[in-house]
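S.K.: structure for the following, please:
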Amino acid sequence: MTDLIEITPADGVQVSLVYATPDNLVGRPVYAPGARCALRPPAADCLRRAASAAHRAGLMLVVYDAYRPAAAQAVFWSALPDPRYVADAAQGSNHTRGVAVDVALLEATGQPLDMGTDFDDMRDQSHHDRDDLPPEVQRNRHLLLGIMLQAGFHSIPTEWWHYELPNAQEYALLPESDMVRVYQTH
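M.R.: Model (predicted):
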């Protein structure tokens, strides 16, 4: 699909598509084997800038999700119909527009920085600006936030891992791509 470009380690990130594994909010793989990470070019450019900034700090970004087909969005909305965490599949997601990315920071050794919760932890503890988290977790979240904002992304208040282009709604929803296929949901 020409609207998306693949994101690979050559972009300075580690790619670990969580939704191709059972280790996610629905507890089973949603993406079919061979799924690849992809974004629209402007989001990919921002991600590369963020990866460069992380490297300057002696860290690396890990990408858990990027472009998400509408069928996958429907699976997540069915499992957790809470608009604080999951976009209504009928309206579409900024992931389905190809301009949102879910990321975390890794030490140079590959060890994840402590963010206080796991990725996909859909509780208040995953929100930005928590004052009940240890200082180390606060620093790590602020470091990720600073890297991603400096690179041109925008955050949402409820998920420390989710970043998107500020003008995300200006991009059309994308059909399923050859890069990311979804298991049959029936």
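S.K.: quick check, central residue of the chain?
M.R.: Asp102 (1.3 Å; C-alpha atoms, centre = their mean).
S.K.: surely it and His162 touch.
M.R.: Yes. In this structure, Asp102 is within contact of His162 by C-beta atoms under 8 Å, at 5.5 Å. In short, each C-beta sits where N, CA and C put it, glycine included.
S.K.: how close does Leu106 sit to Gln14?
M.R.: Leu106 sits 6 Å away from Gln14, going by C-beta to C-beta, to the nearest Å.
S.K.: before we move on, back to that, show me what the residue nearest to the centre of the chain bridges to in the sheet.
M.R.: Note on Asp102: beta-bridge partners Asp65, His162, judged by DSSP bridges.
S.K.: show me what contacts it?
M.R.: 18, 63-66, 119, 159, 161-163 (C-beta atoms under 8 Å, 6 or more residues apart in numbering).
S.K.: so what's the residue count around Leu106?
M.R.: Neighbourhood size, Leu106 [other C-beta atoms under 10 Å]: 18.
S.K.: confirm that it sits in a helix.
M.R.: No. Counting by DSSP: H, G, I helix; E, B strand; the rest coil, Leu106 falls outside a helix, being strand.
S.K.: let's number from 332 now, not from 1
M.R.: Got it, first residue is 332 now, which makes that one Leu437.
S.K.: assess the claim that it and Met446 are in contact.
M.R.: No. Applying C-beta under 8 Å, one finds Leu437 not in contact with Met446, separated by 11.1 Å.
S.K.: tell me the one of the contacts of Asp433 nearest Thr339?
M.R.: Val394 (9.9 Å; C-beta to C-beta).
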